[in-house]
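Participant: my questions are about this predicted structure, shown below with the sequence.
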Amino acid sequence: MPALADIIQRTAVISSMGLCAYGGLLIAQGFSVRQARVRVEQEKMLEAQLHPEMAAGSLAKPESMPS
């Protein structure tokens, strides 16, 4: 039967490994969220370049639509 000190040491090692893995998941999630925000901002900038009248907030009717 293992000694109490051995059990405590194994528990500490397993806990630290679990915390490292959890930290890695949090970091990976942070990178994913950051990348998604950058992608949304890039899409907004591209949309503003393609349709500057909509980006300014004035939703002018196109000429082909009847009033």
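Facilitator: On my side now, so go ahead. Since this is a predicted model, take the numbers as computed values, not measurements.
Participant: what residue ranges in this protein score low on pLDDT?
Facilitator: By pLDDT under 70, the low-scoring segments of the chain are 54-67.
Participant: select the longest helix from it.
Facilitator: helix 4-50 (DSSP state H).
Participant: packing partners for it?
Facilitator: Applying 3 or more C-beta pairs under 8 Å, 6 or more residues apart in numbering; DSSP states H and E, one finds that helix 4-50 contacts helix 52-55. From N, CA and C alone the C-beta is placed, and that goes for glycine too.
Participant: can you tell me how far residue 44 sits from residue 33?
Facilitator: 17 Å (C-beta to C-beta, to the nearest Å).
Participant: now residue 49
Facilitator: For residue 49, the distance to residue 33 - C-beta to C-beta - is 25 Å.
Participant: same check on residue 43?
Facilitator: 16 Å.
Participant: what do you get for residue 26?
Facilitator: Per C-beta to C-beta, residue 26 is found 11 Å from residue 33.
Participant: now swap in residue 13 and tell me
Facilitator: Distance from residue 13 to residue 33, by C-beta to C-beta: 31 Å.
Participant: residue nearest the middle of this structure, spatially speaking?
Facilitator: residue 33 (0.4 Å; C-alpha atoms, centre = their mean).
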